[in-house]
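>>> okay, here's the prediction I keep looking at, along with the sequence it came from:
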Amino acid sequence: MDDNKRSYSRRDIVKTLATVPVLGAFAYALLKKTDYQKQHSFNMADELGLKLYDDPEPASISNGQTIRLGIIGAGGRGRYLLEAAGFAHPNTLKHWYEQAQLNSSDTRYGDFIEQDDLNIEIRGVCDIFDVNAKEALLSCSNQEKSTELNEVSSKVKRYTDYRDLLAAADIDAVIIATPDHWHAQMGIDAAKAGKHIYIEKGLTRTIEEAFALRKAVKESGVVFQLGHQGRQTASFKKAKQLVDKNVLGKISLIEVCTNRNDPNGAWVYPIHPDANEQTIDWQQFIEPTNNHPFSAERFFRWRCWWDYGTGLAGDLLTHEYDAINQVMQLGIPHSAVASGGIYFYKDGREVPDVFQAVFEYPERDLTFMYSASLANDHYRGKVLMGHDATMKMENVLEVYPDNRSTQYRKQLDAGLISPDKPMITYQPGKNSLDGYSSATEQYFASRGLLYTHVKGKRVNTAHLHIKEWLNGIRSNKQPSCDIHQAFEEAVTAHMATIAYRENRKVYWDADKEQLI
Amino acid sequence: MNNPFSLNTFQLYAMVGLRVLTGWYFLYEGIIKLIHPGWSAFGFLMSTEGVFSGFFHSLAGNSTSLDVTNFLNVWGLIAIGVGLITGTLARIASLAGALLVFLYYLAHPPTIAAQLMPGSEQALWVDKNLIFTLLLLVLYAIPTSQVIGLDRLIFNKSNTHGR
């Protein structure tokens, strides 16, 4: 050995490699742990053969002709639907853009720009409030998603009467986002004019209107979609798979709820400062309902009066019902009772702000129960209760085994699953099933950090719902929330409203299709 | 004697023990993320608080930077762990480890108003990550791998006077 390299003794070798065996110990411990987990972590989803994260390819927008739309009702909801369809007001876009510059977690601008182009044009805007109409005209001209735009496109026309919009030759389909008391007449007229229909929920203001609208849509054959965008929620589709596979066992009780605690949530919407008899066509507003002198309050907060809507039943029970109907095909209940009152918002409204409805499905051996308060924000989710398991159904699905389950007796006795821990968890936006560490992930989910994803991309469900409708028009196929689903939604909600207003139990004769 | 600090035997073995156990911890944190296919730094980055949260959010903001962050984090943890356990380039590993863990600390600084991450421990301003940072700096300042560890072989060339 030369001077630079001293001889390497056995003692040196020992000192050099002294700590290497620790790696062996680590590997041994890791193997032991993996083995232990294999034996003790029991994956119910695998056991049941569920492929939770096998998502179908998202529907791409079919090529084909550009569909020319008209929008009837361009207030708050109409504006939201226009944005979901790809048409935002330049000032809105500018605001989103500026917010994104200030705060990188505000992704509204980026999400909107990345939204699929639906290959549509908006040719007609009808709103009886001038301010809304003017804004919508500019939004509908903003095909280029620009933040600076002052000129209304010559292609987009304002209509002051929806019947003129429906008569226009350059309009193929309409989005109807007016107050509920106009839905039926507009829907019927649109169907008769051969225009395809996307209509907001609740379907109609009265049960008679639901029959009439269904008849008109069926006779015309137009493609119809009711605006329950929850139909696009990935976890609801997954919930249906689980229920179809009898994961919950026999389901006897379903509980759904609404809890809100702010004026906006109780329909005390702001009244626009420019609202007056000159800017609002009040006569047209009240045309299909009872006469009443001009009232800006009624115009903007219409959900509070029976003349224009049905309160909690039409606005929020319908969402909850449609989510469950999508999963379980409940259909129209055999009977309904309801109760509640105006307990908090003593502002002159007619509709209850605390409302309970109980529906019986004797043929399905189950009760469907809705409970709502507009004066308390305590979170209660949708809960499906079966003999073998309970499912909490929101953006995240959680299935808890029942302590007295028959189906899972063996696994419960073996301690592989327990009633206080979900045996199946589904989180859209995650690409794999997590066997452990669910506490952390629940924390992220509860903070809204995991978005609803389609194949890893964050998307707006209303956008998907409109896209499904447009694809239906192009392929002449009815979408998921078609007139039959819509009719079931309407009749169910109206049974609750009638039970409440007439203070009686209401029955549905399915053969004769009538209320008793 | 290549030990500039002239550690006595007890001090030497205590420092080696500390180095190996710290390495073990890093190796485990890396391996467990590697073998868990669903793991991603996304949630950790998106829930960051404090003055640096904009930077961490931007890492999670696009899929490329997130993939790079995930890769560097997992393999960085593993390399640091193996380096400390076997005493391979252990001073570089210590310094890199200190930096990495300090980034974790900045991502979720345990301010008085901080939201507690599940499974994290904190005692006002001080948390596990801060202690780990200092511990790794100590391992950097008082190296042992040229006495016990593969660095004895690697740096052998210049260690003409080693014991």
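Received the coordinates, thanks.

>>> show me what secondary structure element comes after the longest helix out of those in chain B.
In chain B, with assignment by DSSP state H, the single longest helix is helix B:9-35. Elements were assigned by DSSP states H and E; along the chain past helix B:9-35, the next helix or strand is helix B:42-46.

>>> so is whichever helix or strand comes after that following helix next to chain A?
Using DSSP H and E, the helix or strand that directly follows helix B:42-46 along the chain is helix B:53-61. Yes: interface with chain A: helix B:53-61 contributes B:54, B:57-58, B:61 (C-beta under 8 Å from any C-beta of the partner chain). For glycine as for every other residue, the C-beta is placed from the backbone atoms N, C-alpha and C.

>>> low-confidence regions, chain A specifically.
A:1-6, A:40-42, A:55-63, A:429-458 (pLDDT under 70).

>>> break it down into its structural domains.
With domains defined by automatic domain parsing, chain A comprises A:10-40, A:67-231.

>>> is the last one up against chain B anywhere?
Yes: Domain A:67-231 comes into contact with chain B when judged by C-beta under 8 Å from any C-beta, the residues involved being A:104-105.

>>> looking at this, A:Val383 is in a helix?
No: counting by DSSP: H, G, I helix; E, B strand; the rest coil, A:Val383 is located in no helix; its state is strand.

>>> beta partners for it?
A:Glu255, A:Lys392 (DSSP bridges).

>>> returning to that earlier point: so which of the residues of helix B:53-61 next to chain A wins on neighbours?
B:Gly61 (18 neighbours; other C-beta atoms under 10 Å in any protein chain shown).

>>> quick one: secondary structure of the nearest residue in space to that one that is not next to it in sequence?
Closest residue in space to B:Gly61, ignoring its immediate chain neighbours: A:Ser104 at 6.3 Å, by C-beta to C-beta, 6 or more residues apart in numbering or on different chains. Using three-state DSSP, the structure places A:Ser104 in coil.

>>> distance-wise, check A:Ser104 relative to A:Asn460.
19 Å (C-beta to C-beta, to the nearest Å).

>>> so between the two, which is more surrounded?
The neighbour comparison of A:Ser104 against A:Asn460 (other C-beta under 10 Å) goes to A:Asn460, with 18 against 15.

>>> correct me, but the more buried one touches A:Ala85?
No: A:Asn460 lies out of contact with A:Ala85 (C-beta atoms under 8 Å); the separation is 10.3 Å.

>>> flag every buried residue along the host helix or strand of A:Thr258.
Per DSSP H and E, A:Thr258 falls inside strand A:251-259. Judged by neighbour count using 16 or more other C-beta atoms under 10 Å in any protein chain shown, the buried positions of strand A:251-259 are A:251, A:254-259.

>>> quick one: residues in contact with it.
With C-beta atoms under 8 Å, 6 or more residues apart in numbering or on different chains as the test, strand A:251-259 has contacts from A:243, A:312, A:316-317, A:320-321, A:323-324, A:328, A:365-374, A:376-387.

>>> just checking, which of the residues you listed belong to helices?
Checking the contacts of strand A:251-259 against DSSP H, those in helices are A:243, A:312, A:320-321, A:323-324, A:328.

>>> returning to that earlier point: show me the two of the buried residues of strand A:251-259 that sit farthest apart.
By the measure C-beta to C-beta, A:Ile251 and A:Asn259 form the most distant pair in the buried residues of strand A:251-259, at 23.0 Å.

>>> wait, A:Gln326 sits on A:Ser480?
Yes: between A:Gln326 and A:Ser480 there is a contact under C-beta under 8 Å: 7.5 Å.

>>> out of those two, which sits in the busier spot?
With neighbours defined as other C-beta under 10 Å, A:Gln326 and A:Ser480 compare such that A:Gln326 has more, 20 against 16.

>>> quick check: next helix or strand after whichever helix or strand the more buried one is part of?
Assigned by DSSP H and E, A:Gln326 belongs to helix A:318-328. Using DSSP H and E, the helix or strand that directly follows helix A:318-328 along the chain is strand A:335-341.

>>> that next one packs against which elements?
Packing partners of strand A:335-341 (3 or more C-beta pairs under 8 Å, 6 or more residues apart in numbering or on different chains; DSSP states H and E): strand A:354-361, helix A:483-502, strand A:506-509.

>>> output the contacting helices and strands for the first one.
If I follow you right, that is strand A:354-361. strand A:335-341, strand A:366-373, helix A:483-502.

>>> roughly how far apart are A:Gly64 and A:Ala266?
Taken as C-beta to C-beta, the span from A:Gly64 to A:Ala266 is 43 Å.

>>> separation between the residue of the stretch 1-150 of chain A found nearest chain B and B:Leu150?
Residue of the stretch 1-150 of chain A nearest chain B, by C-beta to the nearest C-beta: A:Thr16 (4.5 Å). A:Thr16 sits at a distance of 6 Å from B:Leu150 (criterion: C-beta to C-beta).

>>> which members of the ones in helices among the contacts of strand A:251-259 are the farthest-apart pair?
Farthest pair in those, by C-beta to C-beta: A:Val243 and A:Leu312, 25.8 Å.

>>> more neighbours, these two?
The neighbour comparison of A:Val243 against A:Leu312 (other C-beta under 10 Å) goes to A:Leu312, with 31 against 19.

>>> shouldn't that one be in contact with A:Tyr345?
No: assessed by C-beta under 8 Å, A:Leu312 is found out of contact with A:Tyr345, at 11.7 Å.

>>> tilt between the helix holding A:Gln326 and strand A:251-259?
150 degrees (axes from the mean of the first three to the mean of the last three C-alpha atoms, to 10 degrees).

>>> which neighbouring elements make contact with helix A:318-328?
helix A:234-244, strand A:251-259, strand A:366-373, strand A:382-386, helix A:483-502.

>>> out of these, deepest packed?
helix A:483-502 (a mean of 23; mean count of other C-beta atoms under 10 Å in any protein chain shown).

>>> so which helix or strand takes in the most centrally placed residue in chain B?
Nearest to the geometric centre of chain B sits B:Gly97, at 2.7 Å (C-alpha atoms, centre = their mean). Secondary structure assignment for B:Gly97, by DSSP H and E: helix B:90-107.

>>> and that helix, C-alpha only, in CSV?
The C-alpha trace of helix B:90-107 is given here as CSV (Å, rounded to 0.1, in the frame of the first residue of the first chain):
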residue,chain,number,x,y,z
ALA,B,90,-23.8,11.4,5.9
ARG,B,91,-22.9,15.1,6.2
ILE,B,92,-24.6,15.8,2.9
ALA,B,93,-27.6,13.7,4.0
SER,B,94,-27.8,15.6,7.3
LEU,B,95,-27.8,18.9,5.7
ALA,B,96,-30.3,17.9,3.0
GLY,B,97,-32.5,16.4,5.7
ALA,B,98,-32.3,19.6,7.8
LEU,B,99,-33.4,21.6,4.8
LEU,B,100,-36.3,19.2,3.9
VAL,B,101,-37.7,19.1,7.4
PHE,B,102,-37.4,22.8,7.8
LEU,B,103,-39.5,23.2,4.6
TYR,B,104,-42.1,21.0,6.3
TYR,B,105,-41.9,23.3,9.3
LEU,B,106,-42.5,26.3,7.1
ALA,B,107,-45.4,24.7,5.4
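
>>> how about it: buried residues?
Here helix B:90-107 shows B:90-91, B:93-94, B:96-98, B:100-102, B:104-107 as buried, counting by 16+ other C-beta under 10 Å.

>>> and it, what other elements does it pack with?
Using 3+ C-beta pairs under 8 Å, 6+ apart, helix B:90-107 is in contact with helix B:9-35, helix B:63-86, helix B:128-141.

>>> output those helices as TSV; include the columns mean neighbour count.
As requested, the helices and strands packed on helix B:90-107 are arranged in TSV below (neighbours: other C-beta atoms under 10 Å in any protein chain shown):
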stretch	mean neighbour count
helix B:9-35	17
helix B:63-86	18
helix B:128-141	18
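
>>> I'd like to know which elements the longest helix of chain B is packed against.
helix A:21-40, helix B:63-86, helix B:90-107, helix B:128-141.
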